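J.: predicted structure and sequence below. I'll ask about it afterward.
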Amino acid sequence: MTQPQLTTNVSRALWMCSMWMCLWGAQGQVEFRAVGGQGEEFGEVVVPHGTGAFLLGSTQLPNTQDVRGYVVHYDQSLNVDWTALTPGDVMFEMAMDGWSDEAGMVDILTWRLTTEDGYHAAIHTFDSTGVWHGTMVPPLTQGFRPTCSVKWLGARWVVGAIGNRPTAISLETGELKHWGGENGVNDEVRDAMVVNGLLVSVGARTEAGQTRTAIWGMYPLGQMAFEFHQPDTVPQTWSQAEALALGLNGNVRVLQSYERNLPSGGGALLHSLISLNALTGNLNGFLYGPTTGERPGRDLAFTEDGWLKLTQTDVVTALDQSMLLTHYTPGGGYVGQGAWGTLFEDNPSRMTIDSLGQIWVAGSTRGALNDTWNACLLRIDSLGPLDSWSLETPGFGVHNDLLFTTLDVDQVPEDEEAWRLLPNLVGPRAERLRIDGPFLSQGHRVTWTLMDSRGREVVQGQGLDVRVGRLTPGRHVLMVHDGLRAHALDLVVTGPQP
């Protein structure tokens, strides 16, 4: 198997702007770090441990259409120790989740495409010094799109979907459990957790061209405890659950993003919270947030100090799109919020609370290197006065990763460069795109799969016309297969348009 490519001795460049002026190495209550190189890097999740933290994400390599998993290790002072790409002879690979079951080790759940096995899940293991400890391909995962991992029934499971059916697979026994996915519908899972023995998963159901929030609760033997589709009537055209968290007394809150028509015309991409008692299977109510703007939900957590919500927001004009953390009491009362970002677009992904109460946010930024997307992390020392801290100057650092200048990657062949997606910059309501390739006369052999910014399948089809429905703003990837190999084509979806 191909060994991972690793770099440890790299230069650091400190970027300053009028919004974030700081000294490198100054450790404050809020710290921000960006890392990347000549390609495009996207952070997915942070896995902290006793002597540092792993930032897991994906990168589209420079001069190629290859997408690979990207691993960054930070020390306790948030200096980069090393970076690496996930190993293997793959055509496509994205990091989806990560966890640490052993001190100083990280397991990275990826979704990848190989010529032998097609799409499937894989798990890579690294230690904190950068040593790769191997790759495991879970059994029975061919065609499986992994989303996340949970501890359930005394073992670790990966949760995702096969075809139109949500699926959980035991890493120890290979046991599969399915739910949803009735005829004529497509069900997708975006997050899952275990509550009092129940596997509770959230995502979306698409039926007759309409995508709506979905929530499922499943007993250990596979029977459904509860199931909700479009539990909230406020979303009018599109909605999906992004994340869930467990509070007190079995109270689960689900963070959903949705689109709502505005009286003045046009639409708004918003978010809200759904309250559910997982012990009784009853919906308790809804907590609505903003009523205008581009403010999709990203992640949710519960701490001893209350609820913490992560969203992307355009509320701070000077920061463009930025990362917003909102604090609520355990009972749901508003406490405060803070926005962090650069002068350019920043997109948060996942949030992790470590054993010390530190808050880690993984994401992507366009405000650091070369006006391209780079992986980033935000660390907040505790759930303190977010509104006050957001007015202070956070620590800021940029790592220019020389790994991408030392890769042994061939230049793109002429016929590879001819593959295009037209247009590749669209609004969220785009209905038709066109694939432009070197073998247009063989368009009947072309198949494609459109994936969102977190690697979830949006739609698939064949031929050169790509017909899509409602798209979430952000970076998407269209995987095109011409009968010989796969091609990854970028698609950027802007915010809601009138």
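T.: Sure, I can see it.
J.: looking at the chain, which helix or strand is least sure?
T.: Lowest mean confidence among the helices and strands of the chain (mean pLDDT, DSSP states H and E): strand 12-13, at a mean of 32.
J.: just confirm Arg475 contacts Ser349, I think it does.
T.: No - Arg475 is beyond contact range of Ser349, at 11.4 Å (criterion: C-beta atoms under 8 Å). C-beta here means a position set from N, CA and C on the backbone, and glycine is covered the same way.
J.: determine the residues that are contacts of both of those two.
T.: Both Arg475 and Ser349 are contacted by 42, 364, under the criterion C-beta atoms under 8 Å, 6 or more residues apart in numbering.
J.: in this structure Ala268 contacts Gly289, no?
T.: No - between Ala268 and Gly289 there is no contact under C-beta under 8 Å: 10.8 Å.
J.: between the two, which contacts overlap?
T.: Common contact partners of Ala268 and Gly289 (C-beta under 8 Å, 6+ apart): Arg295.
J.: and the nearest residue in space to Ser382 that is not next to it in sequence, how many neighbours?
T.: Spatially, and ignoring its direct neighbours in sequence, Ser382 is nearest to Gly357 (5.1 Å; C-beta to C-beta, 6 or more residues apart in numbering). By other C-beta atoms under 10 Å, the residues close to Gly357 number 14.
J.: quick one: the strands in the stretch 301-450 of the chain?
T.: Counting by DSSP state E, counting those that start in this stretch, the stretch 301-450 of the chain has strands at residues 306-313, 322-328, 334-340, 346-353, 359-365, 374-380, 395-400, 420-422, 425-426, 432-436, 447-451.
J.: let me have the ones you listed in JSON lines, extended by mean pLDDT, distance to Ala53 and mean neighbour count.
T.: Output for the strands of the stretch 301-450 of the chain, formatted as JSON lines (pLDDT from 0 to 100; distance: least, C-beta to C-beta, whole Å; neighbours: other C-beta atoms under 10 Å):
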{"stretch": "strand 306-313", "mean pLDDT": "95", "distance to Ala53": "17", "mean neighbour count": "24"}
{"stretch": "strand 322-328", "mean pLDDT": "95", "distance to Ala53": "17", "mean neighbour count": "24"}
{"stretch": "strand 334-340", "mean pLDDT": "94", "distance to Ala53": "17", "mean neighbour count": "18"}
{"stretch": "strand 346-353", "mean pLDDT": "96", "distance to Ala53": "9", "mean neighbour count": "24"}
{"stretch": "strand 359-365", "mean pLDDT": "96", "distance to Ala53": "7", "mean neighbour count": "27"}
{"stretch": "strand 374-380", "mean pLDDT": "96", "distance to Ala53": "7", "mean neighbour count": "27"}
{"stretch": "strand 395-400", "mean pLDDT": "91", "distance to Ala53": "13", "mean neighbour count": "23"}
{"stretch": "strand 420-422", "mean pLDDT": "82", "distance to Ala53": "35", "mean neighbour count": "15"}
{"stretch": "strand 425-426", "mean pLDDT": "70", "distance to Ala53": "34", "mean neighbour count": "15"}
{"stretch": "strand 432-436", "mean pLDDT": "83", "distance to Ala53": "38", "mean neighbour count": "15"}
{"stretch": "strand 447-451", "mean pLDDT": "85", "distance to Ala53": "26", "mean neighbour count": "20"}
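J.: out of the ones you listed, flag the one nearest Ser275.
T.: Taking C-beta to C-beta, strand 306-313 is the member of those nearest to Ser275, at 10.6 Å.
J.: okay, now the sheet partners of the closest one, with direction.
T.: Using DSSP bridges, the strands paired with strand 306-313 in its sheet are strand 297-303 (antiparallel), strand 322-328 (antiparallel).
J.: all strands for the stretch 1-150 of the chain, in order.
T.: 6-7, 12-13, 30-36, 40-49, 52-60, 67-75, 80-85, 92-99, 105-114, 118-127, 132-136, 144-152.
J.: lowest average pLDDT across those strands?
T.: Mean pLDDT is lowest for strand 12-13 out of the strands of the stretch 1-150 of the chain, coming in at a mean of 32.
J.: so who does the residue lying closest to Gly363 once chain neighbours are set aside touch?
T.: Leaving aside its sequence neighbours, Gly363 sits nearest to Pro348 (C-beta to C-beta, 6+ apart; 4.0 Å). Neighbour list for Pro348: 298-299, 310-312, 323, 361-363, 378 [criterion: C-beta under 8 Å, 6+ apart].
J.: which one of these is nearest Gly52?
T.: Of all the contacts of Pro348, Ala362 has the smallest distance to Gly52: 14.5 Å, by C-beta to C-beta.
J.: quick check, that closest one in contact with Leu377.
T.: Yes - Ala362 is within contact range of Leu377, at 5.6 Å (criterion: C-beta under 8 Å).
J.: now do the shared contacts for the two.
T.: Common contacts of Ala362 and Leu377 (C-beta under 8 Å, 6+ apart): 43, 46, 55.
J.: skipping adjacent residues, who's closest to the second one in space?
T.: This points to Val46. Trp360 (3.9 Å).
J.: same question for the last one.
T.: Once flanking residues are discounted, Leu55 sits nearest to Val72: 4.2 Å by C-beta to C-beta, 6+ apart.
J.: and the one you found, how many neighbours?
T.: 25.
J.: quickly list what it is bridged to.
T.: Leu55, Thr83.
J.: could we number from 48 for the rest of this?
T.: I'll keep to 48 as the first residue from here, and by that count the last item is Val119.
J.: my guess is Gly210 contacts Asn230. True?
T.: No - applying C-beta under 8 Å, one finds Gly210 not in contact with Asn230, separated by 11.7 Å.
J.: who has more neighbours out of the two?
T.: Between Gly210 and Asn230, Gly210 has the larger neighbour count (other C-beta under 10 Å), namely 13 against 5.
J.: ok, that one - contacts?
T.: With the criterion set at C-beta under 8 Å, 6+ apart, Gly210 makes contact with 190, 228.
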